[in-house]
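Student: sequence unknown, structure follows:
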C-alpha cells in the first residue's frame, strides 16, 4: 500500500505517495527530480548516493523513503549552485577533487558533514571519514587536498 | 616559450555544474511519457533456448511490452566483429546474456516483470576456461564464426580462437643454448572491471518512421551511431546520438550496450525508453578487462644480455568479441610482450580465445597491464637470479634511439633510460630498507595517440566558442581544448565556451580513446583557433579597408592602426571556422613511465602494504597540471587495485563478485604516499609539445608491487591479485623448503 510521507528537502517541504519499499534515492531522483544525487552500487558501499538526513550522513539507496517521513534531507543541490558555490565546491574545482563528477555530489555531501563535525580535520581523520566514498578517477589525493583547502 | 594559459592549473570547464549536482548524465534525463526497460538474462553458461513464456510478465499491471530474440529482426552488435545478438536467438553463451526485455511504466515494475519471464533451457556442455576451450573436442561456441561481419580475415582454424598473432625474429632455440640462465613461468591475471561509478545507461526515443533520438554513456558517439545502426539494420542517419557527460570511462564506455534493445522496446510501446544497468549487471555482463595467462621463457647471459624470449599469451575473450574495437581484434598489449627491451631472439604467440563466460572488453591501456605484469616480473626474476641490480639490468637492456622493440616499433626521442633513472633517483633506489620492506621497479610506455578529428571555432554575440563531437569522459579534455584555444587567441580560458554537437550536425568524429585526446583534439583546437583569428583579421581588414598587416590582434580584440582596440564581433558579426587535424605524418613518439613501489609485507599474515610509489613520466608539455596529476594519481591507484585486490572470479560460469561489497577497489584509506616525477624539456607531437598521459600510469604498478614483494620477503607471486593468502602460502612454502635444506 502506498503511504503518504512529508519530507523536507533542502528546506522545501514535499508530500509524496510512496510504496513501503521505495528507497529515498528513488524519491529524490524520480519523484522530486533532484538528480544531483547519483546511484551506483545500490547496496550502500560506494557512497555515491550520500545525502544528509537530519544532518547525519546516510546512503540514500539504503534508506526507505518512509524512514525519512517528517525529517530533513540535504542533497548536493542544497549546498550551493553554480553561481553560489560553497567553499568545498570551489575547492574541489580548484584542486581537481573530481574528474568525471559522478561520485562528486556524494563526496561533497560527505565532506560537508565532516567539516561540520571536525572543522580542521587531520589527514587521518579525512581518510577515515571519506573512505566510504569511492572514486575511480582521482586516486583520492586531490580530493584530500580539496577538503584540506576548504577547511583552512 | 612562455605560455599564459597552457600549463596553468585551470579548473574543469564543467566544474561548477559537476560540483553542484547540475551536470546532466544520461541516467538523469527524463523525457515526457518515458517508460523504463529491464533485461532478462541467461542463467546458464551455454544452453539451447527451448521456450520463452512471457505471458505472466505481460499480464502484470504497468507492463507495456515484452520482447524476445524472435520478436525482433535478427541483428548482431559489435564494435568491430558483430558476433553478439541483440537478444539471444536459440542459444545462450554466457550467464548474463540478454534473452528478453521488458518495458513498463516504472523501473520497479520492469524489474519485477523481467523476473516473471520464464525461460526453459536445454543445457549444453560449456567451455568455462581457456584450457577447456582449447582442448580437443571442446564445445565450439561459434560454429558460424567465418560468416560474421567484421572479421579482419579468415578466422584461425583452431577451435574457439577468435584471433591469433605471432611475431618475432632470430632463433629462440639457438638463443636458449647461449643462455647462462633460463626462467620459464606462467603468469595469470584476472578480469578487472573499469569500476566507473556511472553504470551504463541509455535513453532511446523512436518516431513512427523508425528514426530515433539516442542518449547514451558512450565516449565515441559517432561510432556508437554506426554500431547501433548496423545492429538494427537501419541507415545511420536515422539515429541522432547526443554527446553526454560520461561518469567515468577507463576504456569501458565504448559500446552501445542496451541501445538496440531500448530501440526495439521504444518501438514496441511507442514511448521513449530509458535503461540503466544495475551494478550487478555491470560486474557480470559489461565489458571488463581480459583475463590472461601469459607463459614466458626467457634466457639471459651473466652480463644481462637477453638472448631469447619466448611467449605464449592467452587472452580470455569470454563468449563474444563484440567489445573489441581494434580492426585486428587484438589487444594493443600484444605488442608489448617483449616491452621496449633489446632482445636477440624473440618468438611471441598470442591468442584471443572464446569461452562461455561474460565478454571482455577494453580497459585503460588494453592488454598492457597484463603483458607488462608478466614481462616486468619475468625480467626482475632474471635480474635477481644473475645477481644484477634490477634497475641496472633494465638500464642495460632498454632500447635507445634508433633501435626497435621486439614487436618492431621504432620511435624518435626515446627517453626510456632517463625516465627509469628519474624514478630510481626519486625513490632512493639502493638505499637500505628495514626488514620486510622492499622496493620494486617496472617500466612501460604508451604512444601519444593518433587519428583525425575536427573542431569548429567561432565568434558570436556571446563570445568565442569551440564545438566538438567528443564528450569529456572526465579527463578534462574539454578544458584542454579550451586552454589551447585560449592561448592561441590570447584570451583567458573562461572566455571560450565549449559546445558539443550530436551526430547529425557535425562531421564524423572518432571520439575518445587510445590516449588521443590531448594530441589530436588539442591540435585540432589549436588549428581552429588560429584559423578563427586569421579569418577575423582578414574580414575586419576588408571591413576597415586596411591591409591585413595593419591590424593587430590583442587579447581577442582588434588593434587598429590608431591604437584603438575594437571588439571584432561589432565589426564583422558572427564567424565560424572548422579545422581537422590528422596525426598522419606526426613523428612517432612514445612516453615512458617508470615506477618504483615500496612495500612492507607482514610475515605473519602475508598482508602487503604499499608505503610509497614513485611514478616518473616522459610526458611532454603539461597543458593542465590539475588534470595531468589526476590522470597519474588515478591510474596508479587503479594499478594498485589490480595488483592487490581486484578480481572478477568466474566459478562454474557465474561471477563470484557481484557488488562493490565483494569486488574491492581502493578507497581513500588505501592510498600510499605518491611522488610524481616529470622529465624536463618536453617533446611531443601534441599542442605545445604535449604527449599523452591517460593510459600509462596504471600499467607498470602491479609489476612494481610484485617485484617489491619479492625484494621484501623473497617470494614471487605470479598470479594477480597479490592477496595476503597467496603471500602467506608462498612464505610457508619457502619456509618448509628452507627447513629441508638445513
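Tutor: Looks like it arrived, so ask away. It should be emphasised that the depicted structure is a prediction, and the values quoted were computed from it without experimental measurement.

Student: give me the mean pLDDT for stretch B:352-368.
Tutor: Mean per-residue pLDDT for stretch B:352-368: 98.

Student: ah, wrong one, I meant stretch A:62-82
Tutor: Here the average pLDDT along stretch A:62-82 is 98.

Student: again, but for stretch A:145-152
Tutor: pLDDT averaged over stretch A:145-152 gives 96.

Student: how deep is residue B:62 tucked in, by neighbour count?
Tutor: Residue B:62 has 14 neighbours, counted by other C-beta atoms under 10 Å in any protein chain shown. Bear in mind the C-beta positions are built from the backbone N, C-alpha and C, glycine included.

Student: quick check, it in contact with residue B:109.
Tutor: Yes. In this structure, residue B:62 is within contact of residue B:109 by C-beta atoms under 8 Å, at 4.0 Å.

Student: count of residues packed around the residue in chain A positioned nearest to chain B?
Tutor: Chain B sits closest to residue A:36 of chain A, with a gap of 2.0 Å, by C-beta to the nearest C-beta. Residues near residue A:36, counting by other C-beta under 10 Å, number 28.

Student: and it, what is it in contact with?
Tutor: Residue A:36 is in contact with A:75-77, A:105, B:20-22, counting by C-beta atoms under 8 Å, 6 or more residues apart in numbering or on different chains.

Student: go again with 10 Å.
Tutor: Residue A:36 is in contact with A:10, A:28-29, A:51, A:75-79, A:104-106, A:108-109, B:17-24, B:28, counting by C-beta atoms under 10 Å, 6 or more residues apart in numbering or on different chains.

Student: also residue B:67?
Tutor: Counted by C-beta under 10 Å, 6+ apart, residue B:67 has contacts B:37, B:40, B:54, B:86-87, B:100-103, B:261, B:264-265, B:267-269.

Student: if I look at it, how far off is chain A?
Tutor: 24 Å (C-beta to the nearest C-beta, to the nearest Å).

Student: that residue looks like it's in a strand, true?
Tutor: Yes. Counting by DSSP: H, G, I helix; E, B strand; the rest coil, residue B:67 is found in a strand.

Student: packing partners of the longest helix along chain A?
Tutor: Criterion DSSP state H: the longest helix present in chain A is helix A:104-117. Here helix A:104-117 touches strand A:50-53, strand A:56-59, strand A:72-74, helix A:87-94, helix A:123-130, helix A:141-151, helix B:15-18, going by 3 or more C-beta pairs under 10 Å, 6 or more residues apart in numbering or on different chains; DSSP states H and E.

Student: nearest to residue B:340, out of these?
Tutor: Closest approach to residue B:340 among the helices and strands packed on helix A:104-117 (C-beta to C-beta): helix A:141-151, 28.2 Å.

Student: what is the closest one packed up against?
Tutor: Contact analysis of helix A:141-151 by 3+ C-beta pairs under 10 Å, 6+ apart lists helix A:87-94, helix A:104-117, helix A:123-130, helix B:625-644, strand B:673-678 as its packing neighbours.

Student: redo that, cut-off 8 Å
Tutor: helix A:87-94, helix A:104-117, helix A:123-130, helix B:625-644 (3 or more C-beta pairs under 8 Å, 6 or more residues apart in numbering or on different chains; DSSP states H and E).

Student: which parts of the helix ranked longest in chain B are buried?
Tutor: Counting residues, the longest helix in chain B under DSSP H turns out to be helix B:522-544. For helix B:522-544, the neighbour count (16 or more other C-beta atoms under 10 Å in any protein chain shown) marks B:522-533, B:535-537, B:539-541, B:544 as buried.

Student: same check, this time on stretch A:13-25
Tutor: Of the residues in stretch A:13-25, A:16, A:18, A:22-25 count as buried by neighbour count, 16+ other C-beta under 10 Å.

Student: need those in TSV (columns: pLDDT and distance to residue B:718).
Tutor: Formatted as TSV, the buried residues of stretch A:13-25 follow (pLDDT from 0 to 100; distance: C-beta to C-beta, whole Å):
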residue	pLDDT	distance to residue B:718
A:16	97	55
A:18	96	53
A:22	96	49
A:23	97	44
A:24	98	46
A:25	98	42
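
Student: residue B:392: which element?
Tutor: Using DSSP states H and E, residue B:392 falls within helix B:390-397.

Student: about what we covered before: which non-adjacent residue is nearest the residue of chain A closest to chain B?
Tutor: Take residue A:36 and drop its neighbours on the chain: the residue closest to it by C-beta to C-beta, 6 or more residues apart in numbering or on different chains is residue B:21, 2.0 Å away.

Student: surely the one you found and residue A:106 touch.
Tutor: No. If you go by C-beta under 8 Å, residue B:21 and residue A:106 don't touch, sitting 9.8 Å apart.

Student: out of the two, which sits in the busier spot?
Tutor: residue A:106 (30 against 27).

Student: deepest of the helices and strands packed on helix A:141-151, which one?
Tutor: helix B:625-644 (a mean of 26; mean count of other C-beta atoms under 10 Å in any protein chain shown).

Student: can you list the domains in chain A?
Tutor: Each domain of chain A is listed here as a residue range: A:3-78, A:87-151, per automatic domain parsing.

Student: what's the closest of those to residue B:174?
Tutor: Going by C-beta to C-beta, the one of the domains of chain A nearest residue B:174 is domain A:87-151, 45.7 Å.
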